[in-house]
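K.L.:
the sequence and its predicted three-dimensional model are supplied below.
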Amino acid sequence: MNTKPISEYGAIILGGTAGVGLETAAQFAEQGARIVLLGRNPQRGAVACDVVRGRSPNADVEFIQVDATDPGDLVRAERAARARLGAVDVLVCTTGPSRPPALLHNIAVEDFKPRLEEIILPPLYMMHAVLPTMRAQKSGSIINVASDAAKVATPGETLIGAAMAAIIMFSRAAALEVKREGVRINILTPSLIAGTPGAALIAADPFASRMFAKAADMAHLGVADAQDLAAMAVYLAGPAARRITGQAISINGGISVA
């Protein structure tokens, strides 16, 4: 079990070039951790590294390009990240849907498979890639970001909710499989996250924007933002959370208590 301080961690952030992933990288860097950001776009990766260094001028951060839906490419990226970091103590997966919520009967059946795969497969592939090393070193923390759509049935999130539920279940089952080897796996399940690319995607769609406006009205503690999610990810990765595994933690300002 990893009891060293976060300042000695090596962390991989999948989806680390924007939103929750970028904020998580910045917060890890502020505590001295070494960071590798994984993403598809090198230009965004370079900008993200600059953002992290702007927060922490001495940050040890690098971007590695990867296609998160390609298992072979993720294996290659994990090896490159591990070589860069020396050890992978933390994996945070923050990828999500590229299209807004929609009623099931308005989605073409041909779109079912790609919509499900783009949500489910990246964190599953990446978790599978890092687990051999984490198991061998007898330590590691994985945080997968899913959604409260996995817990509360919501019109417009039939496919998204099913995919997010899959993330919760494979994360929890894997947590039981590797706990003897000191590896912990937890899940964050936000609802609406203000100021992120996902929020912009929702705001641009008439149906989704109306649906989430109603949800925001129920967030009497305030709509969650990237800082909220990142702070919990850093906590879950650290030694203070050494007894926590297999948990799906909602951060939603009171929208629901799922």
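P.N.:
Yep, that arrived.
K.L.:
so where's the chain shaky on pLDDT?
P.N.:
The chain contains residues with pLDDT under 70 at 1-2.
K.L.:
in the helix ranked longest in the chain, what counts as buried?
P.N.:
Ranked by residue count and defined by DSSP state H, the top helix of the chain is helix 112-137. By neighbour count on 16 or more other CB atoms under 10 Å, the buried set for helix 112-137 is 115-116, 118-127, 129-131, 134-135. Quick note: C-beta positions are derived from backbone N, CA and C, even for glycine.
K.L.:
give me the distance from whichever helix or strand comes after that helix to the chain's centre.
P.N.:
Sequence-wise, the next helix or strand downstream of helix 112-137 (DSSP states H and E) is strand 140-145. Its chain's C-alpha centre and that of strand 140-145 lie 8 Å apart, by CA atoms, centre = their mean, to the nearest Å.
K.L.:
quick one: the helix or strand that strand 140-145 is followed by to chain centroid distance?
P.N.:
Going down the chain from strand 140-145, the next helix or strand is helix 158-178, by DSSP H and E. In terms of CA atoms, centre = their mean, the centre of helix 158-178 is found 13 Å from the chain centre.
K.L.:
other residues contacting helix 158-178?
P.N.:
97, 101, 103-104, 107, 112, 115-116, 119-120, 123-124, 127, 131, 134-135, 142, 144, 146-147, 149-151, 153-154, 184-187, 189, 245-246, 248 (CB atoms under 8 Å, 6 or more residues apart in numbering).
K.L.:
okay, the angle between the helix or strand just after that helix and helix 112-137?
P.N.:
The helix or strand immediately downstream of helix 158-178 is strand 183-190, counting by DSSP H and E. Angle of strand 183-190 versus helix 112-137, following axes from the mean of the first three to the mean of the last three CA atoms, to 10 degrees, is 150 degrees.
K.L.:
pairing partners for strand 183-190, with directions?
P.N.:
Applying DSSP bridges, strand 183-190 is found paired with strand 140-145 (parallel), strand 248-251 (parallel).
K.L.:
in stretch 81-96, what's buried?
P.N.:
Those would be 81-82, 84-85, 87-96, for stretch 81-96 by 16+ other CB under 10 Å.
K.L.:
so which of the residues you listed is the closest to residue 24?
P.N.:
Taking CB to CB as the measure, residue 24 sits nearest to residue 92 out of those, at 5.4 Å.
K.L.:
surely the closest one is in a strand?
P.N.:
Yes - Residue 92 forms part of a strand when assessed by DSSP: H, G, I helix; E, B strand; the rest coil.
K.L.:
quick one, phi psi at the nearest residue to residue 253 once chain neighbours are set aside?
P.N.:
Closest residue in space to residue 253, ignoring its immediate chain neighbours: residue 219 at 3.3 Å, by CB to CB, 6 or more residues apart in numbering. The phi/psi pair for residue 219 (degrees, to the nearest 10) reads phi -90, psi 70.
K.L.:
number of nearby residues for residue 219?
P.N.:
For residue 219, the tally of surrounding residues (other CB atoms under 10 Å) stands at 17.
K.L.:
residue 192 and residue 201: what is the separation?
P.N.:
Distance of residue 192 to residue 201, computed by CB to CB, to the nearest Å: 11 Å.
K.L.:
looking at those two, which one has more neighbours?
P.N.:
Applying other CB under 10 Å to residue 192 and residue 201 shows that residue 192 carries more neighbours, namely 23 against 17.
K.L.:
you'd agree that one is up against residue 222?
P.N.:
No - checked against CB atoms under 8 Å, the pair residue 192 and residue 222 is beyond contact range at 10.7 Å.
K.L.:
dead centre of this protein: give me the residue that sits there.
P.N.:
With distances taken as CA atoms, centre = their mean, residue 94 lies nearest the centre of the chain, 2.3 Å away.
K.L.:
OK, contacts around that one?
P.N.:
13, 14, 15, 16, 19, 20, 21, 24, 145.
K.L.:
who wins for neighbours among these?
P.N.:
For the contacts of residue 94, neighbours were counted by other CB under 10 Å; the highest total belongs to residue 16, with 33 neighbours.
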